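[1] Got a predicted structure plus its sequence, pasted below:
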Protein chains: 2
Amino acid sequence: MKKEKISMDLKNSNLKVTPQRMAVLEALDSLKNHPTADKIKEYVIKNHPNVAVGTIYKTLETFFEKGLVKKVKTEKDVMRYDAILKKHHHLYCEDTEQIEDFFDDKLTKMLEEYFKKREIPNFQVKDLKLQIIGTFINKKSLNK
Amino acid sequence: MKKEKISMDLKNSNLKVTPQRMAVLEALDSLKNHPTADKIKEYVIKNHPNVAVGTIYKTLETFFEKGLVKKVKTEKDVMRYDAILKKHHHLYCEDTEQIEDFFDDKLTKMLEEYFKKREIPNFQVKDLKLQIIGTFINKKSLNK
DNA sequence: CTATTAAATAGGAATAATTCCTAATTAGGA
DNA sequence: TCCTAATTAGGAATTATTCCTATTTAATAG
């Protein structure tokens, strides 16, 4: 069952299994597309009305420290969270807030290979994330 | 002279040349390493004590829209500004706030080539930025 | 099952970053 | 020199996030 997997994730990170943390993980699981803390808050509170906002922020920060979520950096000034841990890159829409995951093992491998050969002075590379900026071409909206 | 170049930049973007905008551009020029709005504010106000904070934010936003600066978002949740427009990538330190520019034309070209061949469904690529995450190896601090 | 205790949470106040508002000023063109 | 749309000052308002402390709770050992 899903809940058991979730509480496993928590235990593996030496975190106590609390309803609040479960709720945040559920939210992250349901809300695709890199929710803001605000969206997560909304979702959590819908199901658990008396979870404190501060708790949600703290929980997200804890998860981030333990590597259970990642933060997505954007040009906009709200932080967004990403629960998908498989290596991937992001497509950023120039015009909207949309951010999509972009999985491409060949690309990832190419980048890794590149930095195996190409040493950067005084810097040790640990992770590589490509920001692919552009526009989504939605066939339906061509006549806008 | 430098000031003339700056006011050219402004005119080319259809922006009026005002002392406030000159001051912000000067600040961006002097403050290397991706200053926060706060650092820019500090610098501007040192030289022009009665420039309003709102004006600085608005000016930065205007510059961003016109493409005179770029925004860099970090996991620490403050926006930082980047006046260097030559194509480049960024080195992010995992442990500190440090962000460095990383120029590598070969890398840039490799990525561009890759996306010329590799079409992404419903998405038109306009820009590619690599986030290189890792740690700076400072010889002096090895004995920490 | 119960007691213990360190960790986690509620609730809201405090802070920090950024945006918004309006009257006054100003740059650039006529 | 004048006109007008654009810009700015100054500060209030908003928004996102962090911080604080008394209370509660999950995990562990007995």
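    Nice, thanks for sending it over. Residues are numbered from 1 along each chain as shown, chains lettered A, B, ... in the order given.
[2] C-alpha from now on. contacts and neighbour counts both.
    Fine.
[3] The helix or strand bottoming out on mean pLDDT in chain A and DNA strand C in contact?
    Lowest mean confidence among the helices and strands of chain A (mean pLDDT, DSSP states H and E): helix A:2-12, at a mean of 77. No. Applying C-alpha under 7 Å from any atom of the strand, one finds helix A:2-12 out of contact with DNA strand C, separated by at least 9.2 Å.
[4] Quick one: name the residues of chain A near DNA strand C.
    So chain A meets DNA strand C at A:15-16, A:18-21, A:50-56, A:58-59, A:77 (C-alpha under 7 Å from any atom of the strand).
[5] Three-state assignment for A:Y92, please.
    Here A:Y92 is strand, with the state taken from DSSP: H, G, I helix; E, B strand; the rest coil.
[6] For the residue nearest the centre of chain A, give its distance to A:L28.
    The residue lying closest to the centre of chain A (C-alpha atoms, centre = their mean) is A:D82, at 0.8 Å. Distance, A:D82 to A:L28, using C-alpha to C-alpha, to the nearest Å: 8 Å.
[7] Now do the shared contacts for those two.
    Counting by C-alpha atoms under 8 Å, 6 or more residues apart in numbering or on different chains, the common neighbours of A:D82 and A:L28 are A:P35.
[8] On the three-state scheme, whichever residue of chain A sits closest to DNA strand C is what?
    Sorted by distance to DNA strand C under C-alpha to the nearest atom of the strand, the residues of chain A start with A:V51, at 3.2 Å. At A:V51 the chain is in coil, as set by three-state DSSP.
[9] okay, now the residue nearest to it when sequence neighbours are not counted: neighbour count?
    Nearest residue to A:V51, sequence neighbours excluded (C-alpha to C-alpha, 6 or more residues apart in numbering or on different chains): A:I45, at 6.3 Å. By the criterion of other C-alpha atoms under 10 Å in any protein chain shown, A:I45 has 19 neighbours.
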